[in-house]
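**Q** Any chance you could fold what I've pasted below:
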Amino acid sequence: QVQLQESGPGLVKSSQTLSLTCTVSGGSITTSYYGWSWIRQPPGKGLEWMGVIAFDGSTYYSPSLKGRTSISRDTSRNQFSLQLSSVTPEDTAVYYCARDLTGNIPTIMREYDSWGQGTQVTVSS
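**A** Residues are numbered from 1 along each chain as shown. Okay, the predicted model is just below:
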């Protein structure tokens, strides 16, 4: 059974870059045809999909984040990472990594089958 674990700073200052890593165990991030997504949930709001890196290394990002998002991977460590630039207090949220069955299809509509527990990130002004 695949397990995902988010890690990274819990506090980031405005205008800086938020960096998080998801460590995957029980399955390889290069296995066809999975996607590895980042999702967040601001306080009092719904889930927002941010982007994905697929089994083949291709990436797709939510247009709503206007180019601030970058997702990369380290296959030797079975990890994938999120960078969100120019953060503001509106980026305060619980951030989740998840495995999805949508793979490298460029769509914001994803089907998830495994989630990390989430990590709180607060952006200070």
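**Q** if you go through this protein in chain order, where are the strands?
**A** Assigned by DSSP state E, the strands in the chain fall at 3-7, 11-13, 18-25, 35-41, 48-54, 59-61, 69-74, 79-84, 93-100, 112-115, 119-124.
**Q** Which among those is found nearest to Pro106?
**A** Closest approach to Pro106 among the strands of the chain (CB to CB): strand 59-61, 4.5 Å. Yep, even glycine has a C-beta here, placed from its N, CA and C like the rest.
**Q** contacts for the closest one?
**A** Applying CB atoms under 8 Å, 6 or more residues apart in numbering, the contact partners of strand 59-61 are Met50, Gly51, Val52, Ile53, Ala54, Gly67, Thr69, Ile71, Asn104, Pro106, Thr107.
**Q** Can I get these in CSV including pLDDT and distance to Asp91?
**A** Shown next, in CSV, are the contacts of strand 59-61 (pLDDT from 0 to 100; distance: CB to CB, whole Å):
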residue, pLDDT, distance to Asp91
Met50, 96, 10
Gly51, 96, 14
Val52, 97, 19
Ile53, 97, 20
Ala54, 97, 24
Gly67, 88, 14
Thr69, 96, 11
Ile71, 97, 16
Asn104, 90, 26
Pro106, 88, 23
Thr107, 89, 23
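**Q** would you list the strands of the chain in JSON lines and tack on mean neighbour count?
**A** JSON lines is the format used below for the strands of the chain (neighbours: other CB atoms under 10 Å):
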{"stretch": "strand 3-7", "mean neighbour count": "17"}
{"stretch": "strand 11-13", "mean neighbour count": "14"}
{"stretch": "strand 18-25", "mean neighbour count": "20"}
{"stretch": "strand 35-41", "mean neighbour count": "23"}
{"stretch": "strand 48-54", "mean neighbour count": "22"}
{"stretch": "strand 59-61", "mean neighbour count": "19"}
{"stretch": "strand 69-74", "mean neighbour count": "17"}
{"stretch": "strand 79-84", "mean neighbour count": "21"}
{"stretch": "strand 93-100", "mean neighbour count": "22"}
{"stretch": "strand 112-115", "mean neighbour count": "15"}
{"stretch": "strand 119-124", "mean neighbour count": "16"}
